[in-house]
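1. build the 3D model from these lines:
(chains A, B, C and D)
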2 protein chains.
Amino acid sequence: MRTETGSRTATLSDVAQRAGVSIATASKAMNDRDDVAAATRTRVLAAAEELSFTPNAMARGLLAGRTGTVGLLTSDLEGRFVIPILMGAEDAFGAGQVNVFLCDARGDAIREQHHLKALLSRRVDGIIVVGRQTDPRPSLGGDVPVPVVYAYAPSDDPRDISLTPDNVTGGRMAVEHLIACGHTRIAHISGDPAYAAAQDRLTGAREALSVAGLELVGEPLFSAWTEHWGRDAAALALQRHPDIDAIFCGSDQIARGVLDTARELGRRVPEDLAVIGYDNWTVLAENTRPELTSIDANLQQLGRRAARCLFDAIGGDAPTPGVRHLPVKLVIRGSTIERR
Amino acid sequence: MRTETGSRTATLSDVAQRAGVSIATASKAMNDRDDVAAATRTRVLAAAEELSFTPNAMARGLLAGRTGTVGLLTSDLEGRFVIPILMGAEDAFGAGQVNVFLCDARGDAIREQHHLKALLSRRVDGIIVVGRQTDPRPSLGGDVPVPVVYAYAPSDDPRDISLTPDNVTGGRMAVEHLIACGHTRIAHISGDPAYAAAQDRLTGAREALSVAGLELVGEPLFSAWTEHWGRDAAALALQRHPDIDAIFCGSDQIARGVLDTARELGRRVPEDLAVIGYDNWTVLAENTRPELTSIDANLQQLGRRAARCLFDAIGGDAPTPGVRHLPVKLVIRGSTIERR
DNA sequence: CTGTTAGCGCTTTCAA
DNA sequence: TTGAAAGCGCTAACAG
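-> A predicted model of the protein is given here:
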């Protein structure tokens, strides 16, 4: 409020007065209703312009029963998942059409309840709940008076609508790609086995192997989603099974560690050893040597889909409940295919 | 809306009716005003509970003139800066007290105007503008009817209130630390020299050197904020000046590249070569070998400060305009001090 | 202590 | 075509 000229924000009544019409007429003119004389409309619009009138969305919402706002309730501290989803949602809603309240519950159920209450009291038209893992999370419950869509982390209640990336297919695609590149001695290094993501990706990997009549080399190595573990696990795996010619990693962080170890052991990537990551976290994947092939969960699209689902639900035609697994994509870089 | 029991959301009038009191009394009871009989209050609260009544913040805002919402207008696609700032803002406001509309303009001025209009029409009480560089950005202008605070990227108009990390001091602290560790042959590798951040950090570094009677070894090497450049630049610098014993890097990405090259050239870190980064981007800094000492811009605190500034401005006592440079902090890890 | 009344800014019948 | 009036859900005087 740099230039506080003593004047409060202009209201429709100010505009009407300045244009010399009634409030009702001004309203119609502003909203492009067709029962207004062209001349009148021009006059009203001019007045609005001069007063830099901005309609009060609250007053409007009070009447309409809808607010044109949506809540995004996340527990994804780092914003790695929530940001693309937010962008997708903005895309789907159309910039400026709908505004998004972003609330970070920080993984705390109490705080989540607080935020939920606040969102409801602001009369959001719907809520998207974003988790940071693909494990099912507790449902907000059935008594939330607006539609809810769960993104990334599905709800544990099948009556809710959930959208989550298809990790099984992702795992399958990763291994299919390795096989297509001619590799047959494939190992798997992943993170915390308690994560659904870890299990699902492994499941997909095994499907692909089995179709090709192959098996994983050694047991999958599970521990943490870190580069440290990637380095250690790669050393271990390559020592136990020196004939490994490809490693499917459960995350890009792990893959980065694997690449480091490969380099230290003198394995050429991708000639001697192909490496594929997961998540396509570009700050990691584009900075390795060679750059890292990875599976991208297509989160922005997931966000768009979530927004569209929410839209439909708000509009009244509720999408069929349940968990929908959205397609992921393979991003090929130098760690699996030799550049020339 | 899983259990749509045909009932629209309960209103205060429903509560009043159920409790057998007037709307006004119900309102008072709900808002803890003291001119209500204890028994009545209990009855009203019970009724509210049973109807799971949530006050309509819009109706309330319409009356109060304030909405308890704030807009966060960003152009920081990746969310690297905006997320900690958002969290800091939530902290300062108190969870659930204030809600934040997050809008991503994606660096597009048109889209920014759209979002600004939308925020104003939602009658946010104030706006925080977050940029993704520390270079001054165009002001929203003086005719925005609510207080605006610029965070990370300052406004180019000195009449605005801007909070930005103190990069000069950051640069100074980095080099002071290297000197304190006994290094004297210090080089600087940084990113795009067109960034104010690059220049400011260099300025601070030179100040620290000059105080110690030292000079940078060679000219600072500028190019891109990438690991690739870090690798190449380190090779170049160490070839030209083999006696370099410390490198101050303009970003953690660059530092990561530098560490890779050091390892390849057989330089022991930190014994032969100390390396310090900038940003304290933990996914990078905590995964190098050794882990990376870095300067942390304290963004969450910056967010809190921004929120508090905005609060004050909303409250009427406008903080003094201008650019405030907030303190950064040194995070020491193994790349500058040997672990034992 | 409680209820009545008057709006906040806007849209929407319904008359004129 | 325009305007007067009602009311969205709530709070804040002011009487009772």
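
2. before we move on, what SS does A:Glu219 have?
-> coil (DSSP: H, G, I helix; E, B strand; the rest coil).

3. now do it against A:Val168, distance only.
-> Distance, A:Glu219 to A:Val168, by CB to CB, to the nearest Å: 19 Å. To be clear about C-beta, it is placed using only N, CA and C from the backbone, and glycine gets the same treatment.

4. of these two, which one has the most company?
-> Taking other CB atoms under 10 Å in any protein chain shown, A:Glu219 and A:Val168 do not tie; A:Val168 has more neighbours (19 against 10).

5. got a list of contacts for the helix or strand hosting that one?
-> Taking DSSP states H and E as the criterion, A:Val168 maps to helix A:167-180. Helix A:167-180 has contacts (CB atoms under 8 Å, 6 or more residues apart in numbering or on different chains) with A:134, A:186, A:196-197, A:200-205, A:207-209, A:212, A:214, A:246, A:248, A:274, A:276, A:278, A:293, A:295, A:297, A:325, A:327-328, A:330, A:332, A:336.

6. just the buried ones from these?
-> Buried members of the contacts of helix A:167-180, counted by 16 or more other CB atoms under 10 Å in any protein chain shown: A:134, A:186, A:197, A:200-202, A:204-205, A:207-209, A:214, A:246, A:248, A:274, A:276, A:278, A:293, A:295, A:297, A:325, A:328, A:330, A:336.

7. just to revisit the earlier point, and the next helix or strand past the helix holding A:Val168?
-> strand A:186-190.

8. could you list the paired strands of that following strand along with their orientation?
-> strand A:221-222 (parallel), strand A:246-249 (parallel) (DSSP bridges).

9. with mean pLDDT and distance to DNA strand D as extra columns, can I get the ones you listed in CSV?
-> Listed next are these as CSV, based on pLDDT from 0 to 100; distance: least, CB to the nearest atom of the strand, whole Å:
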stretch, mean pLDDT, distance to DNA strand D
strand A:221-222, 98, 51
strand A:246-249, 98, 53
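
10. A:Leu154 and A:Leu102, how far apart?
-> Let me fix one detail, which is that residue A:154 is Pro and not Leu. Applying CB to CB to A:Pro154 and A:Leu102 gives a distance of 20 Å.

11. ok, now which ones touch A:Leu202?
-> A:Gly171, A:His188, A:Ser190, A:Pro220, A:Gly250.

12. tell me how many other residues surround A:Gly322.
-> A:Gly322: 12 neighbours (other CB under 10 Å).

13. hang on, it packs against A:Asp157?
-> No: counting by CB atoms under 8 Å, A:Gly322 stays clear of A:Asp157, with 10.1 Å between them.

14. where does pLDDT dip in chain A?
-> A:1-7, A:340 (pLDDT under 70).

15. stretch A:245-257: which residues count as buried?
-> A:245-257.

16. now swap in stretch A:264-271 and tell me
-> So stretch A:264-271, judged by 16+ other CB under 10 Å, has buried residues A:Arg267, A:Val269, A:Pro270.

17. need the CA coordinates for it. CSV is fine.
-> Provided in CSV are the C-alpha atoms of stretch A:264-271 (Å, rounded to 0.1, in the frame of the first residue of the first chain):
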residue,chain,number,x,y,z
GLU,A,264,35.8,-46.1,-9.5
LEU,A,265,35.8,-49.8,-10.4
GLY,A,266,36.6,-48.9,-14.0
ARG,A,267,33.4,-50.2,-15.4
ARG,A,268,32.5,-48.3,-18.5
VAL,A,269,28.9,-47.0,-18.6
PRO,A,270,26.9,-48.0,-20.6
GLU,A,271,29.2,-50.4,-22.4
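
18. close to chain B, is it?
-> No: against chain B, stretch A:264-271 shows no contacts by CB under 8 Å from any CB of the partner chain, the least distance being 8.9 Å.

19. which outside residues touch that stretch?
-> A:181, A:235, A:238, A:259, A:262-263, A:273, A:275, A:290, A:334-338.

20. same question, stretch A:97-108
-> A:68-77, A:82, A:86, A:89-90, A:93, A:111-112, A:115, A:118-119, A:122, A:124-125, A:132, B:69, B:72, B:86-87, B:90, B:95, B:99-103, B:118-119, B:122.

21. what's near enough to touch the residue nearest the centre of chain A?
-> In chain A, the centroid-proximal residue (CA atoms, centre = their mean) is A:Ile85; its distance is 3.1 Å. Contacts of A:Ile85 were listed using CB under 8 Å, 6+ apart, and they are A:Leu72, A:Ile128, A:Val130, A:Ala151, A:Tyr152, A:Leu299, A:Gln300, A:Leu302, A:Gly303, A:Ala306.

22. I'd like the residues you listed as TSV, with neighbour count appended.
-> Output for these, formatted as TSV (neighbours: other CB atoms under 10 Å in any protein chain shown):
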residue	neighbour count
A:Leu72	24
A:Ile128	28
A:Val130	28
A:Ala151	30
A:Tyr152	28
A:Leu299	26
A:Gln300	19
A:Leu302	25
A:Gly303	28
A:Ala306	29
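
23. which bits of the stretch 151-300 of chain A sit near chain B?
-> So the stretch 151-300 of chain A meets chain B at A:159-160, A:226-228, A:253, A:256-257, A:260, A:283-284, A:287, A:289 (CB under 8 Å from any CB).

24. try it again with 6 Å
-> A:Arg159, A:Glu227, A:Asn287 (CB under 6 Å from any CB of the partner chain).

25. how many other residues sit next to the spatially closest residue to the last one that is not a sequence neighbour?
-> The one in question is A:Asn287. Residue nearest to A:Asn287 in three dimensions, not counting chain neighbours: B:Glu227, with 4.0 Å by CB to CB, 6 or more residues apart in numbering or on different chains. For B:Glu227, the neighbour count with other CB under 10 Å is 25.

26. how much space is there between B:Glu227 and A:Pro242?
-> For B:Glu227 relative to A:Pro242 (CB to CB), the value is 30 Å.
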